[in-house]
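**Student:** 3D model of this:
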Amino acid sequence: MGGALLSYNNVATFLSGALLMAMVATLFTVKNNVMRLSLLCTGFIGLAMVSSEIPWLAFLLLVGFVFNFHQVSLQKQKIPWLISTCATGLLVLLFIGHLFFTLHISWLIVAILILSISGFLIDNESSVTASSKPETETEVYVEKSPLASFPNKQQLRQKYNELSNEDSFRAALIVLRLEGFAQVNQHIGRDFGDLLLSQSASRIKDLLESDEVFYLELHAKLAHLGGLNFAFICNLQGHNHLHQQLIEKIIGATLKPFNVANCTIEVKVRASYVHCEQQTTPFDELISRAFLALDSHPSKQIVAYHQQMMTEHLEQQARLAELANISFVDEFELFFQPVIRNDDGQIEFLELLLRWQHPTQGILSASRFIKDIRIAGLEYSLATFVIERAGELAMALRMEGMPVPLSVNLFGSEMLNEEFVDFVYAVIGEHQLRPGDLIIECPLDVFTSLDDKGRAMIARLNNLGLKVCVDGLGDNPVLLSKLPSLAVEYIKVSPALTADFSNQNNIRSLVSGMVEMHNQQQTKVIFEGVETLDQLKFVKSLKAYASQGYYYGHPLSSLGLMSWFKQWLQAQEED
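**Tutor:** Next comes the predicted model:
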């Protein structure tokens, strides 16, 4: 009997120690406050029951188990619920064994230890639930978004796949991009921006009343692709140009500028479309083509996708990869083209034109890769290369007794910083250049949007002896009120204003007025794109200062600049 008692005492001691360890673990690991308190109370009751061996404490222990079972049930988690159920059932069986089969009461602690496991599992699963909470909240937010009423991209895909399986399917996918919301979000707030976006999309939706626009769901034809992009599918079986008419109708109904919170807001629509026929193009590829069309021509309001865009896109990707390791000295070269004064036919200056000696695509003009240079972040490096090379050529011409100014084309933004101006100053000193030897040509939009810092950089370049030429007057709309304030030596008129001579009378008054205005400002006006004698006569009739174009010759490599210039001078002497 004494041995059995010693055995019971050992068991009780061992189980009590295990229970104490479980209670300590519960105190530090279970983060659910109610479950932690409940398990600790149950553990204390179990220790008191073992130490005092009072049977009625088992009933109080059972109450604690029932409370824990209730708390676990509220969590609606299967595994903790099963463990709690098993622990409660085991407690009842062990207590029955104590009452009727002389089982020592300390064995009830086993049920308490099993019960504590449910608390640990509830805590872990709660963490998982908490980690997924943001996603749930996001979903709720999306559901409450003003744009949630529009079909989404997946619904548009399903409809397209359904239509593409039909016989004689011929349609167009139209993608619309709303622009002008950056200002709204910045000055008024994103919530108002979302509401305005929803209202703008609703106005577009109301314009899609034609039966040839396919429904994506009940009473909904316009899908929201995300962000500022929307799309719809138009049937072209009965009308080949219906999609174009709808796009023009939508653009015409674009919201006019309005004032909100002292902020003028302009919402504009740009559109692209892709033709689609029966089972020829997967939906995702079709959408990619529409976005490619929009991104390829950011200045156009309506863009039709064509296969050449994909070819150009792939070529651009290849060029960007090549630019990552390009050597300007080995692959870039400067060509030149003269600018000729209209009064005496002499050279005013030579414009240096950048060319890329591409290994597979041949000689590329700057317009083919300038955008790539910007994307690759090489505009400043390229600008310094061009300035350095121009300085070398200007010095060589002066040493040969043929001083003639050289102009270089820069993108614009890279010239408006201290580092670039300091570099130009170093080049002037190194090559012993004189004032007027170099002319910098920059796009018109740079000068119409100059801030105080930009004007200061222009002034510094002028002080270094560099003349400034504004390029591209006529390429894009510009406020005429800004033109007289351009403190530059030259301004170039785009070929677009002189190309079509069937409308000379219509543009003469406009162009003549601009020339006269700049003449009064002591700015020399140069007309680009002069290719024929008739164009030259027209330009001279406008009293322009100089002309440039194929009429005087195509651009030539600067490697032959010296010999060409000598021949030019000789020809002028003979005349």
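
**Student:** for Ile83, grab phi and psi.
**Tutor:** phi -70, psi -40 (degrees, to the nearest 10).

**Student:** can you pull the pLDDT of it?
**Tutor:** Per-residue pLDDT puts Ile83 at 78.

**Student:** got the contact list for the closest residue to Lys453 other than its chain neighbours?
**Tutor:** By the measure of CB to CB, 6 or more residues apart in numbering, the closest residue to Lys453 outside its immediate chain neighbours is Leu416, 6.8 Å from it. In this view, the C-beta of every residue, glycine as well, is placed from N, C-alpha and C. Going by CB atoms under 8 Å, 6 or more residues apart in numbering, Leu416 touches 446, 450, 453-454, 457-458.

**Student:** any idea which of those has the most stuff around it?
**Tutor:** Ile458 (23 neighbours; other CB atoms under 10 Å).

**Student:** in contact with that residue, which residues are there?
**Tutor:** Counted by CB under 8 Å, 6+ apart, Ile458 has contacts 416, 447, 450, 468, 487.

**Student:** let's see that with 6 Å instead.
**Tutor:** By CB atoms under 6 Å, 6 or more residues apart in numbering, no residues touch Ile458.

**Student:** do you know how far it is from Val303?
**Tutor:** 35 Å (CB to CB, to the nearest Å).

**Student:** likewise for Glu516?
**Tutor:** Taken as CB to CB, the span from Glu516 to Val303 is 37 Å.

**Student:** ok, these two, which is more surrounded?
**Tutor:** Shown here are Glu516 and Val303; by other CB under 10 Å, Val303 has more neighbours (21 against 13).

**Student:** quick check: bridge partners of the more buried one?
**Tutor:** Bridge pairing for Val303 (DSSP bridges) gives the partners Ser272.

**Student:** surely it touches Asp295?
**Tutor:** No: using CB atoms under 6 Å as the test, Val303 is too far from Asp295 to be in contact (9.3 Å).

**Student:** give me the contact list for stretch 223-240.
**Tutor:** So stretch 223-240 is contacted by 147, 150-151, 153, 156, 170-178, 201, 208, 212-214, 216, 221-222, 242-243 (CB under 6 Å, 6+ apart).

**Student:** now the end-to-end length of it.
**Tutor:** End-to-end distance for stretch 223-240: 22 Å, by CA to CA, to the nearest Å.

**Student:** quick check: buried residues in it?
**Tutor:** 223-225, 228-236 (16 or more other CB atoms under 10 Å).

**Student:** return the subset of those residues lying in strands.
**Tutor:** 223-225, 229-235 (DSSP state E).

**Student:** make JSON lines out of the contacts of Leu416 and add pLDDT.
**Tutor:** Formatted as JSON lines, the contacts of Leu416 follow (pLDDT from 0 to 100):
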{"residue": "Val446", "pLDDT": "75"}
{"residue": "Leu450", "pLDDT": "74"}
{"residue": "Lys453", "pLDDT": "82"}
{"residue": "Gly454", "pLDDT": "79"}
{"residue": "Met457", "pLDDT": "84"}
{"residue": "Ile458", "pLDDT": "82"}
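
**Student:** among those, which one lies nearest to Pro80?
**Tutor:** Lys453 (65.0 Å; CB to CB).

**Student:** which helix or strand contains the closest one?
**Tutor:** Assigned by DSSP states H and E, Lys453 belongs to helix 452-463.

**Student:** how far is that helix from where the chain is centred?
**Tutor:** Between the centre of helix 452-463 and the centre of its chain there are 31 Å (CA atoms, centre = their mean, to the nearest Å).

**Student:** swap in stretch 324-332?
**Tutor:** 28 Å.

**Student:** what's in contact with it?
**Tutor:** Contacts for stretch 324-332 (CB under 6 Å, 6+ apart): 356-357, 385.

**Student:** could you redo the last one with a cut-off of 8 Å?
**Tutor:** With CB under 8 Å, 6+ apart, stretch 324-332 has contacts from 354-359, 376, 378, 381-382, 385.

**Student:** give me the neighbour count for the closest residue to Lys524 other than its chain neighbours.
**Tutor:** Excluding its sequence neighbours, the residue lying closest to Lys524 (CB to CB, 6+ apart) is Tyr545, at 4.0 Å. By the measure other CB under 10 Å, the count of residues near Tyr545 is 20.

**Student:** can you map out the helices along the stretch 1-150 of the chain?
**Tutor:** 2-29, 33-52, 57-75, 78-101, 108-131, 133-144 (DSSP state H, counting those that start in this stretch).
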